[in-house]
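Q: Here is a sequence with its predicted model. Questions after.
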Amino acid sequence: MKKRIAAITLALTFSVCAAAPLAVAASVGTAAPQTPAIAAPAATVAPAAATAAAPTAAKAAPAKGADTQPAKVTPNRGITIGMFALIIAITMGVVVWAAKKTQTAADFYTAGGGITGLQNGWAIAGDYMSAASFLGMSGLISLYGIDGFMYAVGPMFSFIAILLVIAEPCRNAGKYTLGDILSFRSSPKVVRGVAALSTVTVSIFYLIAQMVGAGKLMQMLIGIPYRVSVIGVGALMVAYVVFGGMKATTWVQIIKASLLMGATTLLCILVAAKAGFNPVSFFTDIVNNPAIQDHVRLNVLKDAIPKAGMDYGQRFLEPGLFLKSPLDQISLGIAWALGAAGLPHILMRFFTVPSAKEARKSIIIALFLNSSFFFMISIIGFGAALYLTPQGILAVDKGGNMATLLLAQHMGGGAGSLGGDVFLAFICAVAFATILAVVSGLVLAASAAIAHDVYVNIIKDGKADQHLQVKVARITSLFVGTSAILMGLAAEKENVVALVALAFAVAASGNFPVVMLSLFWKKFNTAGIVSGLVVGTVTALALVMVSPVMTYPKKVAADAKKIVDTLEKKQATGVALADKELKTLEKSRVEYEKNKDGSSMVGLDKPIFPLKNPGIVSVPLGFLAAVFGCLLFRDRRAEDMFAEIDVRQNTGLGIAKATDH
Amino acid sequence: MAETSYDWEKIANNSKFLELKNKKRSFLFSWWIISTIYYLLLPVISGYFPEAFRIKVIGPINFGYLFILSQFVVAIGVAAYYAHVANKDFDRLTKQLLDVLN
């Protein structure tokens, strides 16, 4: 069986490797890569980056290849593909090494508990440093100034809840999955079933968003067609997880995090050096930069005539250019502060270290790495605005997603120079490694929930030998990975922003309350877990479905109509439209016709719930449901067993060792 | 597995354990709540009192920018302080408790 899985995975991998050069060759001749926003390739800033880009993507999508971009990033293909190949080769080497060491279920899910705090810290930090933060967030800062920087605080701060109340208790009380922690003193089968369902839901939403983001990013960076890149990324991801389990997944994440930190640090130092290492003069230059002033006035605030007494340069350093709804920000803040602690693929990483002390160390290292990372990203973002001008960045991608890449090219010596080419190619390769690493962790978390919770503990009553457990885990990973590829292919045109919002909302409103209450509340029981998970998840899902993140065709149609009207009016006055305007007119007409009678996925014309982030409503509801459910159906046994979990989580007594089998 | 032989109820009422548990709970929850409130001040101030963020402090650098930077400092500060207390107190108490039990 193992051989059969190996064969399928290898076939997938090779078919892609063989297809890639062809595809690249083919795409050289085709039109410039589109500007699909990096829809949401990530954990971190996905909602913002994608929101900024969403209108662009919506407008650009129907006119495939018709748009000619005034500017584009053109990485040197030879150098870029060489670097990609190098990354694939190194990570595959890691997989071969890890595969030899993966013998038991504990090896597969938690690398046998043999990861050190330092290594795990880098891996966790890597889970947070996604392509969206690396490319999207710096872009956001380069276009909207301080609002983008404010956005970076959430992912960084989410470590505090994890550090103080989640990581160590979970390490002490758990084994492999969310289900292990929750089923401790409740009816194991019911709870494991519900926990597995929630884990798979969160991971799959997240995974699809990543796959779509990966496809679009690769298409944008080096012009590999969407389908080829989704299959390629998917095949590599499946290979990492199926053969190498947690060990390979962790090491791929560590390699990527080091590359990313290295690239970010280098770029940040170059910007700082150019500014003479003087923050005051750096920001003074930004405020006095005429291009930034014009950008804020015309593109962001749309003041055709300058308002008297308005300092548009200084406005770039003031909030409110991008983040408009305060309540939405608070809601998002709640999701960050709590949701990250409920993400199954993060939770799973605490089990890879041998003790609670190492778990603590890993979170502190991750926090330190990530705060440095997000701070450096802000310097890169402001640097891009100053040295490339927002107009220059907008010309390449309306979401600003190319800011980091353009800056790397610029700092390396400019387009066409060897330094510029090498630096740009390196950054592209780092972005590629980033995607690979993040998706692998997600596949592993979803597979663990299915294989360990559902198959081994529900179907087999926990009676399965190591050999069978690992075999099942491998088959499940192959299955989850393949499904993710298929769903990624099907979701090319979908609005994946909603999926990331969903994953976070479900983690914060469903998982977080029940994990907390299981660990800290004596009366908590099966009924509480089930009602908390179900109500939290369903509320979050329902609110996102009726929120402004979904696509509302009538709104798209209205926007298109506005453009049509403006241009037709212009035409009516006898002015000949430029080529570009004629194209826009045609495109908008088609758009209008296509969308005027449509409604959103749940049949709405406009959103019912005003916020993009449901956290402010769904998190309290999740907590309330958990508390009420548990008080309605009191359970003596669960209360009696609290002593055990209380002692375990506080002291680590009886901790699940990797060698316990 | 050997650990099933522990008398959890008895350990849960051990005075050393109660000391450890109470110290941990009050420390962790109070710092968690304080830091979360500090974090949520960011969207609250920037959303409802944006004038505050506009106050210039050093040249063009305003209070808003410094407040965002302070979030990083506070997060690292809380983490470092927790690491210090945990290494000094919690780990020591845990070890004492485990020594008594074994």
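A: Received, thanks.

Q: Can you verify my assumption that A:Arg77 contacts A:Phe84?
A: No: assessed by C-beta atoms under 8 Å, A:Arg77 is found out of contact with A:Phe84, at 10.3 Å. For the C-beta atoms, the positions are set from N, CA and C on the backbone; glycine is no exception.

Q: hey, what's in contact with both of the two?
A: Taking C-beta atoms under 8 Å, 6 or more residues apart in numbering or on different chains as the contact rule, A:Arg77 and A:Phe84 both touch A:Ile222.

Q: can the host helix or strand of A:Met261 be found next to chain B?
A: Taking DSSP states H and E as the criterion, A:Met261 maps to helix A:226-274. No: shown here: helix A:226-274 not in contact with chain B (C-beta under 8 Å from any C-beta of the partner chain), separated by at least 14.5 Å.

Q: Give me the mean pLDDT for that helix.
A: For helix A:226-274, mean pLDDT is 92.

Q: Can you check which helix is longest in chain B?
A: In chain B, taking DSSP state H as the definition, the longest helix is helix B:15-48.

Q: Please identify which of A:Arg77 and A:Phe84 sits among more neighbours.
A: For A:Arg77 and A:Phe84, the more surrounded residue by other C-beta atoms under 10 Å in any protein chain shown is A:Phe84, and the numbers stand at 21 against 16.

Q: Checking my notes, the more buried one in a helix, right?
A: Yes: assessed with DSSP: H, G, I helix; E, B strand; the rest coil, A:Phe84 lies in a helix.

Q: Let's verify the closest residue to chain B within the stretch 551-661 of chain A: helix, strand, or coil?
A: Here the residue of the stretch 551-661 of chain A nearest chain B is A:Gly654; by C-beta to the nearest C-beta that distance is 3.2 Å. Of the three states, A:Gly654 takes coil under three-state DSSP.

Q: nearest spatial neighbour of A:Pro169, skipping sequence neighbours?
A: A:Gln649 (3.9 Å; C-beta to C-beta, 6 or more residues apart in numbering or on different chains).

Q: re the thing from before, and the next helix or strand after the longest helix of chain B, which residues are buried?
A: Next helix or strand after helix B:15-48 toward the C-terminus (DSSP H and E): helix B:50-54. Using 16 or more other C-beta atoms under 10 Å in any protein chain shown as the test for burial, helix B:50-54 gives B:Phe53, B:Arg54.

Q: looking only at pLDDT, what's the mean for helix B:50-54?
A: Here helix B:50-54 scores 89 as its mean pLDDT.

Q: Next one: the residue of chain B found nearest chain A from B:Phe53, what distance?
A: For chain B and chain A, the shortest gap (C-beta to the nearest C-beta) falls at B:Gly47, measuring 2.3 Å. B:Gly47 is 10 Å from B:Phe53, where distance means C-beta to C-beta, to the nearest Å.

Q: list residues touching both of those two?
A: Common contacts of B:Gly47 and B:Phe53 (C-beta under 8 Å, 6+ apart): A:Pro319.

Q: what residue ranges in chain B score low on pLDDT?
A: Within chain B, the segments meeting pLDDT under 70 span B:1-5.

Q: Quick check on the residue of it most remote from its centre: phi, psi?
A: Residue farthest from the centre of chain B, counting by C-alpha atoms, centre = their mean, is B:Gly59 at 34.3 Å. Dihedral pair for B:Gly59: phi 50, psi -130, per degrees, to the nearest 10.

Q: Now do the same contact list for it.
A: By C-beta under 8 Å, 6+ apart, the residues touching B:Gly59 are A:Val280, A:Phe283, A:Thr284.

Q: circling back: can you tell me the element the residue nearest to A:Pro169 falls in?
A: Using DSSP H and E, A:Gln649 sits within helix A:642-651.

Q: same deal with B:Val57?
A: Element membership of B:Val57 [criterion: DSSP H and E] is strand B:56-58.

Q: residues in contact with whatever helix or strand comes next after that strand?
A: With elements assigned by DSSP H and E, the helix or strand that comes after strand B:56-58 is strand B:61-62. For strand B:61-62, the external contacting residues (C-beta under 8 Å, 6+ apart) are A:Pro279, A:Val280, A:Phe283, A:Gln314, A:Leu317, A:Glu318, B:Phe53, B:Arg54, B:Ile55, B:Lys56.

Q: A helix includes the fourth one, no?
A: Which is A:Gln314. Yes: with three-state DSSP as the criterion, A:Gln314 is part of a helix.

Q: In contact with it: list those residues for me.
A: Shown in contact with A:Gln314 (C-beta under 8 Å, 6+ apart): A:Val287, B:Arg54, B:Lys56, B:Pro60, B:Asn62.

Q: Please report the number of neighbouring residues for the fourth one.
A: It stands for B:Pro60. Residues lying near B:Pro60 (other C-beta under 10 Å) number 21.

Q: Now it: phi and psi?
A: phi -80, psi -10.

Q: one step back: nearest to A:Thr177, of the contacts of strand B:61-62?
A: Lowest distance from A:Thr177 to these (C-beta to C-beta) belongs to B:Phe53, with 42.5 Å.

Q: Now tabulate the contacts of A:Gln314 in a markdown table and tack on distance to A:Ala576.
A: Listed next are these as a markdown table, based on distance: C-beta to C-beta, whole Å:
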| residue | distance to A:Ala576 |
| --- | --- |
| A:Val287 | 40 |
| B:Arg54 | 45 |
| B:Lys56 | 48 |
| B:Pro60 | 44 |
| B:Asn62 | 47 |
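
Q: now for the residues you listed, which pair is the farthest apart?
A: Across those, the longest distance by C-beta to C-beta is 12.6 Å; it joins A:Val287 and B:Arg54.

Q: Now for the residue of the stretch 451-600 of chain A found nearest chain B: which residues touch it?
A: Using C-beta to the nearest C-beta, the closest approach of the stretch 451-600 of chain A to chain B is made by A:Phe520 at 7.9 Å. If a contact means C-beta under 8 Å, 6+ apart, then A:Phe520 has A:Val165, B:Arg25 as its contacts.

Q: quick one: it and B:Trp32, what's the gap?
A: Separation of A:Phe520 from B:Trp32 (C-beta to C-beta): 11 Å.

Q: what's the overlap in contacts for these two?
A: Shared contacts of A:Phe520 and B:Trp32, defined by C-beta under 8 Å, 6+ apart, comprise A:Val165.

Q: Now for the residue nearest to A:Thr201 when sequence neighbours are not counted, how many residues are close by?
A: Nearest non-adjacent residue to A:Thr201, counting by C-beta to C-beta, 6+ apart: A:Val506, 6.1 Å away. The local packing of A:Val506 (other C-beta under 10 Å) involves 31 other residues.

Q: And for A:Met220, the neighbour number?
A: When neighbours are defined as other C-beta under 10 Å, A:Met220 has 27 of them.

Q: Go through the helix or strand harbouring it and flag the buried ones.
A: A:Met220 is located in helix A:188-222, with elements delineated by DSSP H and E. Neighbour counts using 16+ other C-beta under 10 Å place A:188-189, A:191-222 of helix A:188-222 among the buried residues.

Q: Ok, stretch A:491-500 next?
A: For stretch A:491-500, the neighbour count (16+ other C-beta under 10 Å) marks A:Ala491, A:Glu492, A:Glu494, A:Asn495, A:Val496, A:Val497, A:Ala498, A:Leu499, A:Val500 as buried.
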